[in-house]
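S.K.: With the input below, show me the fold.
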Amino acid sequence: MTAPSYLICTDLDRTLLPNGPEPESPQARPLFARLASRPDIALAYVTGRHLALLEQAIDQYRLPQPRFAITDVGTRIHAWTGGQWQTWGDWEAAIDPDWAGQDQAGLIGLFADLPALTLQEAAKQNRHKLSYYLPLKADRKAVMNAMAVRLQTLGVRASLVWSIDEPAGVGLLDVLPESATKLHAVEFLRQRLGLGLTAVTFAGDSGNDLGVMASAVPSVLVANATQEVRRSAQDMARLAGNLGALYLAQGGYLGMNGNYAAGILEGLVHFNPELGPWFETL
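M.R.: As a prediction, the model looks like this:
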């Protein structure tokens, strides 16, 4: 495997995948695929999906095969090696101490009496990811506060990550090790590849990408992100002193609209202007 000069880490749904209501520039994904084929580019998909759903998206949307996949909301890292996926056990070992010796069954039992919570399907669970459905009408803050108190009592260092499955109209609540974030996983991958911070570009669109957006990792928020997410990303990055590492795609680059893959490419060239001539000669 060629040592990369650039690491592109991108969220999938509504970032690279055009599965939101906004239109996609038709040339954007083909251009992105051509870029990803360069030997000096390492592509990583960073997603809440598990590996089977990631592979489904690659096939459905004809995405380029990535070298790496950060899946299950940051709890697993996989490398594409010899035509198959290899899961990095050292990443799971790095995040496991946050669980304070608790296993999946014990954590499920901890919340068994909270009636608002419904366990998601078995395929959406793993050793370091406990996932529930939570109705949108439920008192989310009260439920999450109750869960947090119980976890703290056991010495478990956990993050409670809330998101919404808009097509299904249901809330999703993940219980994750505190260190199993997209940001920590991207940094773990970057360091494993021996790359400097400026060699990385992260792309996202939603609230669960804000941890990376507010960090020193060069990040692009695609133009189809909501105004709420755009404001939050700017506010958090400013508060952290990292506003210069955040780029909000506007559209216009190569005549594209800045949504989805077009926004990723726009941000990538913003942070790496030396790539611009390569695009312009295609």
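
S.K.: show me where the stretch 51-200 of the chain has strands.
M.R.: Ranges of strands within the stretch 51-200 of the chain are 68-71, 76-81, 84-87, 118-119, 130-134, 158-165, 170-177, 200-204, based on DSSP state E, counting those that start in this stretch.

S.K.: Make TSV out of these and add mean pLDDT, mean neighbour count and distance to residue 56.
M.R.: Just so you know, the C-beta spots here come from the backbone N, C-alpha and C atoms, and that holds for glycine as well. What follows is those, written out as TSV (pLDDT from 0 to 100; neighbours: other CB atoms under 10 Å; distance: least, CB to CB, whole Å):
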stretch	mean pLDDT	mean neighbour count	distance to residue 56
strand 68-71	98	26	12
strand 76-81	97	19	15
strand 84-87	97	12	14
strand 118-119	96	13	22
strand 130-134	95	21	18
strand 158-165	86	17	16
strand 170-177	92	21	18
strand 200-204	98	27	20
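
S.K.: closest one to residue 245 among the ones you listed?
M.R.: For those, proximity to residue 245 was assessed by CB to CB; strand 200-204 is nearest, at 9.4 Å.

S.K.: Just the C-alpha atoms of that closest one, please, in CSV.
M.R.: What follows is strand 200-204, C-alpha atoms only, in CSV (Å, rounded to 0.1, in the frame of the first residue of the first chain):
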residue,chain,number,x,y,z
VAL,A,200,-6.3,15.5,7.0
THR,A,201,-9.6,16.9,5.7
PHE,A,202,-12.9,15.8,7.4
ALA,A,203,-16.3,16.4,5.9
GLY,A,204,-19.7,16.2,7.6
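
S.K.: quick check: domain ranges of this protein?
M.R.: Domain assignment for the chain by automatic domain parsing gives 6-75+180-280, 97-177.

S.K.: As JSON lines, the strands of the stretch 51-200 of the chain with distance to residue 11 would be great.
M.R.: Formatted as JSON lines, the strands of the stretch 51-200 of the chain follow (distance: least, CB to CB, whole Å):
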{"stretch": "strand 68-71", "distance to residue 11": "10"}
{"stretch": "strand 76-81", "distance to residue 11": "15"}
{"stretch": "strand 84-87", "distance to residue 11": "19"}
{"stretch": "strand 118-119", "distance to residue 11": "25"}
{"stretch": "strand 130-134", "distance to residue 11": "18"}
{"stretch": "strand 158-165", "distance to residue 11": "12"}
{"stretch": "strand 170-177", "distance to residue 11": "15"}
{"stretch": "strand 200-204", "distance to residue 11": "4"}
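
S.K.: got any ranges where this protein has weak pLDDT?
M.R.: In the predicted model of the chain, residues 1-2 satisfy pLDDT under 70.

S.K.: about what we covered before: any idea which of the domains of the chain is most buried?
M.R.: Counting by mean count of other CB atoms under 10 Å, domain 6-75+180-280 has the highest mean neighbour count of these, with a mean of 20.

S.K.: Mind putting the domains of the chain into TSV with distance to residue 82?
M.R.: Formatted as TSV, the domains of the chain follow (distance: least, CB to CB, whole Å):
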stretch	distance to residue 82
domain 6-75+180-280	12
domain 97-177	23
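
S.K.: Select, out of those domains, the one closest to residue 84.
M.R.: domain 6-75+180-280 (11.1 Å).

S.K.: Next, the distance between the ends of the closest one.
M.R.: 19 Å (CA to CA, to the nearest Å).

S.K.: do the same with stretch 59-71
M.R.: Note: stretch 59-71 ends 17 Å apart using CA to CA.

S.K.: State the distance from residue 47 to residue 129.
M.R.: 12 Å (CB to CB, to the nearest Å).

S.K.: same thing with residue 280?
M.R.: With CB to CB as the criterion, residue 280 and residue 129 are 42 Å apart.

S.K.: now residue 94
M.R.: 15 Å.

S.K.: now swap in residue 183 and tell me
M.R.: According to CB to CB, residue 183 stands 16 Å off from residue 129.

S.K.: measure residue 171 to residue 137 for me?
M.R.: Per CB to CB, residue 171 is found 9 Å from residue 137.

S.K.: go on, residue 49?
M.R.: Residue 49 sits 26 Å away from residue 137, going by CB to CB.
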